[in-house]
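> Any chance you can model this:
(one chain, ligands or ions: 1)
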Amino acid sequence: MAHDLVIKNGTVIDGSGSPGFEADVAIDGEKITAIGKNLGSGKKEIDAKGHVVAPGFIDSHTHMDAFIVQYPNGNPVVNYGVTSIVIGDCGASCAPVPAKPEPRKVLVEYLRRVLDKYVDDKDWKWNTYAEYLNYIEGHIAVNCLPLMPHTPVRLTVMGEAAYEREAKPEELDAMKKMVREGMELGAIGFSTSPRGGPAIHAGTPSTFANHNEIVELANVAAEYNGCFQFNGFQMMLQPESGVPDMLKRIRGLQIGNEFRQRPGQKADAPKAIAYMEEAQKRGQQLFGVVIPYTHIRRFTINDCFFLNGLPTWEAIKNSSDLSSKLGDKEIRKKLEQERIAGAGKPEFPEWHSWDRMVFEHIEKPELKKLEGKNVAEIARLTEKAEVDAFFDTWLEDNLKSQCVYHGLANAHQDILAQMIQSETSLIGTDVGAHLDRFFWHGAPVRVLGYWSREKHLMSLEKAVHKVTGFPAEKLRLNRGLLREGMPADVTIFDADKIADLVSEKLPAVIDAQEVKRHPPGMKAVVVNGQTVVEDGSCNDVFPGKVRRQQLCV
Ligand SMILES: [Zn+2]
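Okay, here's the model as predicted:
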């Protein structure tokens, strides 16, 4: 009898970190049924000659909760070989939906701030968490690992009071009940953004919770072997925040978001690695999510964030005649002196160098030749000092240009490499949020192509392990390994060609075309036995599972 699918002639890298070997892989129904030679024919066959056959990649941090409704094929990550995504991160999701209009509005506004402006509750065809899971189940091509999100839970239970005060005992009981129901339905854990975390979460309902509330809710999830996901990773290194003590009271896996080198805090990343290693030795399962890119930020002249705090800049930045001020050589000289004097001081954004600033978009046709060039290059071309090249280009373009700063976070590649390599890190994309930084979705492939093949940070086998077997083991998934009897989540890619599509230029609009771009080198992606990606396009099949009971051991 023919198998349902046979992937022939490939090199199997099984996700465990052990060396690859030549073999065919047979799949029947949702499972891998044989790995070896001469497995016979398949009703469908994929020739993987010259390609690696590996487990599907696991994306440990996304905000695709609303994206998957818009893009049920799992774009933009399925194109890159991702077969399982965590959703409901950072205490933010589009379910449960609060019944009252005001709290509902607060939720939508929060999601628009944290995810992006595309979030629209007109698209929501559910109210309860159960209805949301029912809605996506059977309509999504990748597996979803949903977290029970603190903010919607709080808004649903407490209404307006969710963003005014701490919970009363009966409200905490009601939230615990809701988290328990979520876990029974299939959530993999509980997520939150606590007080004192990133500014973007300030004032959201979850930040009004005291640590006891968070511990109680997280430990309901822990009863089901569920995990705890939190934002505000840097507070882990600040005992006065209370977060280290809070974490010690939470049982089960703990995943901190935003494990990154923050500007001006170069030493924090190695400190965080040491802290997590110590915690793990004590038995605390503490991990941080790394987005394996140097972060970039767009800016316009009104948002020249790297000059913020310099007295001269503060005095002129909001003035109505900014152009004439920027043309003033004395002002420029002062700005440059203050910038040099302020570099390295914690109160200013970290300064790297002029070559980290790129004129991404220039309006005037006669200046177009400078588009895509960094300030150091423009200075050489125009034979000017860098500071003059910078401000003159703005002025000549009537302040209409758009720039990009490379190195807002993870600026130091050597430290980023340590973070990626560390056994304390999980790789995530943050997809579905922050569309102004739309290129992180290539993260798993970035580890394989850029970090493994080009930078030789780790072997291909180790790189595959980093995005498959390793996160699967931590998240207790029944995935991440190519073994007989395992669910058939598989990627087939050319290890010499696989690459993310990051360029210096960020897309101007995030539309369907942009979201559906396929990277070079990805031949096929299989989820639960069904081929969801093949030779650069998605098939309209939706085999993704959405419940812990099916996805976890
Ligand atoms: Zn997040």
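
> Can you name the residue of the stretch 1-150 of the chain nearest the ion?
Closest contact between the stretch 1-150 of the chain and the ion, by C-beta to the ion, is at Cys90 (3.7 Å). Where you see a C-beta, it was placed from the backbone N, CA and C, and this is true even at glycine.

> Is that residue part of a helix or strand, or is it coil?
What DSSP: H, G, I helix; E, B strand; the rest coil gives for Cys90 is helix.

> Name the SS class of Ala495, please.
coil.

> That one against Glu461, yeah?
No: between Ala495 and Glu461 there is no contact under C-beta atoms under 8 Å: 10.4 Å.

> show me what contacts the residue of the stretch 1-150 of the chain closest to the ion?
Contacts for Cys90 (C-beta atoms under 8 Å, 6 or more residues apart in numbering) come out as His63, Val114, Pro149, Ser191, Thr192, Ser193, His201, Gln229, Phe230, Asn231, Asn257.

> what about 6 Å?
Counting by C-beta atoms under 6 Å, 6 or more residues apart in numbering, Cys90 touches Ser193, Asn231, Asn257.

> so what's Gly196 scoring on pLDDT?
In this model, Gly196 is scored at 88, pLDDT.

> what do you get for the one 5 residues further on?
Model confidence at His201, expressed as pLDDT, equals 88.

> Nearest to the ion: which residue in the stretch 151-300 of the chain?
Counting by C-beta to the ion, the stretch 151-300 of the chain gets nearest to the ion through Asn257 (4.9 Å).

> Contact partners for that residue?
For Asn257, the contact set (C-beta under 6 Å, 6+ apart) comprises His61, Cys90, Asn231, Val289.

> wait, isn't the last one in contact with Thr429?
Read that as Val289. No: contact criterion C-beta atoms under 6 Å: Val289 and Thr429 do not qualify, at 9.3 Å.

> Let me see the mean pLDDT of stretch 328-337.
92.

> which residues are contacting it?
Counting by C-beta under 6 Å, 6+ apart, Thr312, Lys325, Val387 sit against stretch 328-337.

> In JSON lines: those residues, plus pLDDT.
Output for those, formatted as JSON lines (pLDDT from 0 to 100):
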{"residue": "Thr312", "pLDDT": "93"}
{"residue": "Lys325", "pLDDT": "93"}
{"residue": "Val387", "pLDDT": "92"}
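
> Restricting to the residues you listed, which residues neighbour the ion?
Taking C-beta under 5 Å from the ion as the test, the ion is in contact with none of those.

> hey, where'd the strands end up in the stretch 351-500 of the chain?
Here the stretch 351-500 of the chain has its strands, by DSSP state E, counting those that start in this stretch, at 357-361, 402-406, 425-427, 490-493.

> what bits of the stretch 451-553 of the chain have low per-residue confidence?
Scanning the stretch 451-553 of the chain for pLDDT under 70 picks out the ranges 502-505.

> Just give me the longest strand of the chain.
As assigned by DSSP state E, the longest strand anywhere in the chain is strand 3-12.

> Which helix or which strand is home to Ala54?
Using DSSP states H and E, Ala54 sits in strand 52-55.

> Output the contacting helices and strands for that strand.
On a contact count with 3 or more C-beta pairs under 6 Å, 6 or more residues apart in numbering; DSSP states H and E, strand 52-55 meets strand 3-12, strand 490-493.

> for that strand, the distance to its chain's centre please.
On the basis of C-alpha atoms, centre = their mean, to the nearest Å, strand 52-55 sits 22 Å off its chain's mean C-alpha point.
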